[in-house]
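Trainee: What shape does this take:
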Amino acid sequence: MPEQPFEQDRAIAGTGMGGAMDLATSEAETLERTPGGPEGTGPAGKPRSLWSDAWRDLRRNPVFIISALVILFLVVISLWPSLIASGNPLKCDLAKAQEGSQPGHPFGYDGQGCDVYTRTVYGTRTSVTVGVLATLGVAIFGSVLGGLAGFFGGIWDSILSRLTDIFFAIPVVLGGLVLLSVVTSNTVWPVIGFMVLLGWPQISRIARGSVITAKQNDYVQAARALGASNSRLLLRHITPNAVAPVIVVATIALGTYISLEATLSYLGVGLKPPTVSWGIDISAASQYIRNAPHMLLWPAGALAITVLAFIMLGDAVRDALDPKLR
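Mentor: Purely as a prediction, here's the structure:
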């Protein structure tokens with residue numbers, strides 16, 4: 001075979017089988033600049049982290065996209081309800097009580113002559129506020145207690161385990177009937193405090209188990225051998241690798257807390273008038289379900305969609321963060 005002349009703009013690149021292939025210099029540079037490497041690697045062939053891998057999976061999951069859009073819409077109208085509802089949820093006209101849909105009032109009127117559409121929109125703020133604040137309180141309080149008990153172990157772990165057993169034995173709805181029946185405040189804080197009080201044991205046990213698993217890993221043992229303090233081990237090495245299960249459970253629990261608030265308000269021990277709440281409206285509409293079913297349909301439908309959106313979001317996050325499901 002005649003000898004091939006050397007060309008200045010050609011480069012040699014090794015193949016995976018030990019051979020070689022000719023590439024133009026521009027093509028070789030393109031391969032070097034390619035941001036994505038082999039499967040499981042990121043830019044320049046670096047291994048992808050759990051979070052970047054999870055975000056990549058979430059962006060491709062239609063369940064996550066749909067639920068995230070619904071939740072984004074709920075958050076926007078809870079912050080600025082006047083964007084889609086110009087009326088006053090507390091302005092009522094008894095002459096229009098139980099009337100159906102009318103121009104400008106698509107959901108009709110309730111038993112007091114209040115606009116159901118306006119009250120449904122403004123009720124979003126209450127439900128989302130209670131759910132988010134209760135979830136944050138439960139996640140922070142439960143994670144701190146469970147994480148410390150799992151890290152230090154010993155008597156603290158035993159005390160926490162027995163304490164969680166006690167709280168798990170208390171029925172949530174019955175506990176709400178007993179504890180909230182003596183509260184006269186019309187604000188959301190007693191309900192949020194009750195949810196945090198009875199909700200932290202679940203997150204605590206999950207955080208405890210995650211910390212116990214994470215602290216046995218080789219990188220934690222190596223950091224300890226190098227003289228890392230307990231605070232550094234917890235904050236830099238254990239927490240970032242143990243927080244994923246807590247995020248998953250907290251996301252799913254958020255929808256549960258919204259449903260719990262509506263249940264307690266329906267039973268008359270949660271939020272109280274003049275607070276605008278889906279649970280209050282459902283409770284008031286239950287006695288008119290035969291004559292005016294629209295009074296119950298719209299707030300109950302909004303509650304169901306909100307709870308379903310958060311549960312779907314939690315399921316999508318769980319699928320993305322759990323390596324066993326890959």
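Trainee: my guess is residue 83 contacts residue 77, does it?
Mentor: Yes. If you go by Cβ atoms under 8 Å, residue 83 and residue 77 touch, sitting 6.6 Å apart. Every residue, glycine included, has its C-beta placed from N, CA and C.
Trainee: Going along the chain, name the helices of this structure.
Mentor: 25-33, 50-59, 62-79, 116-152, 154-168, 172-180, 189-215, 218-225, 230-232, 239-242, 244-266, 278-285, 294-321 (DSSP state H).
Trainee: which of these is buried the deepest?
Mentor: helix 278-285 (a mean of 24; mean count of other Cβ atoms under 10 Å).
Trainee: between it and helix 244-266, what angle do the directions make?
Mentor: 30 degrees (axes from the mean of the first three to the mean of the last three Cα atoms, to 10 degrees).
Trainee: roughly how far out does helix 278-285 sit from the chain middle?
Mentor: 25 Å (Cα atoms, centre = their mean, to the nearest Å).
Trainee: now the protein, which segments are flagged as low pLDDT?
Mentor: 1-50, 323-326 (pLDDT under 70).
Trainee: What's the separation between the residue nearest the centre of the chain and residue 58?
Mentor: Nearest residue to the geometric centre of the chain (Cα atoms, centre = their mean): residue 251, 2.4 Å. Using Cβ to Cβ, to the nearest Å, residue 251 is found at 12 Å from residue 58.
Trainee: hang on, the earlier thing: quick check, the residue nearest to the centre of the chain in contact with residue 314.
Mentor: Yes. The pair residue 251 / residue 314 is scored as a contact, 3.8 Å apart, by Cβ under 8 Å.
Trainee: one step back: check the contact lists of residue 251 and residue 58 and give me the overlap.
Mentor: In terms of Cβ atoms under 8 Å, 6 or more residues apart in numbering, residue 251 and residue 58 are both contacted by the residues residue 317.
Trainee: quick one: residue 137 from residue 284, how far?
Mentor: 29 Å.
Trainee: and residue 153, what is it in contact with?
Mentor: Applying Cβ under 8 Å, 6+ apart, we find residue 153 in contact with residue 212.
Trainee: Ramachandran angles for it?
Mentor: Note on residue 153: its backbone torsions stand at phi 60, psi -150 [degrees, to the nearest 10].
Trainee: how close does it sit to residue 129?
Mentor: 37 Å.
Trainee: go on, residue 122?
Mentor: Distance from residue 122 to residue 129, by Cβ to Cβ: 11 Å.
Trainee: Equivalent analysis for residue 156, please.
Mentor: According to Cβ to Cβ, residue 156 stands 34 Å off from residue 129.
Trainee: and if you look at residue 225?
Mentor: Separation of residue 225 from residue 129 (Cβ to Cβ): 47 Å.
Trainee: just residue 227 next, same as before
Mentor: For residue 227, the distance to residue 129 - Cβ to Cβ - is 45 Å.
Trainee: likewise residue 268?
Mentor: 20 Å.
Trainee: Could you do residue 167 as well?
Mentor: On the measure of Cβ to Cβ, residue 167 and residue 129 end up 24 Å apart.
Trainee: Next: residue 319.
Mentor: Taking Cβ to Cβ, one finds residue 319 at 28 Å from residue 129.
Trainee: Please apply the same query to residue 175.
Mentor: 22 Å.
Trainee: swap in residue 287?
Mentor: 27 Å.
Trainee: Dump the C-alpha coordinates for stretch 226-233 into CSV.
Mentor: Once non-C-alpha atoms are left out, stretch 226-233 reads as follows in CSV (Å, rounded to 0.1, in the frame of the first residue of the first chain):
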residue,chain,number,x,y,z
LEU,A,226,-8.2,12.3,59.7
GLY,A,227,-9.5,14.1,62.8
ALA,A,228,-12.8,15.6,61.5
SER,A,229,-15.0,16.9,64.4
ASN,A,230,-18.5,15.6,64.9
SER,A,231,-20.1,18.8,63.6
ARG,A,232,-18.0,18.6,60.4
LEU,A,233,-18.9,15.0,60.0
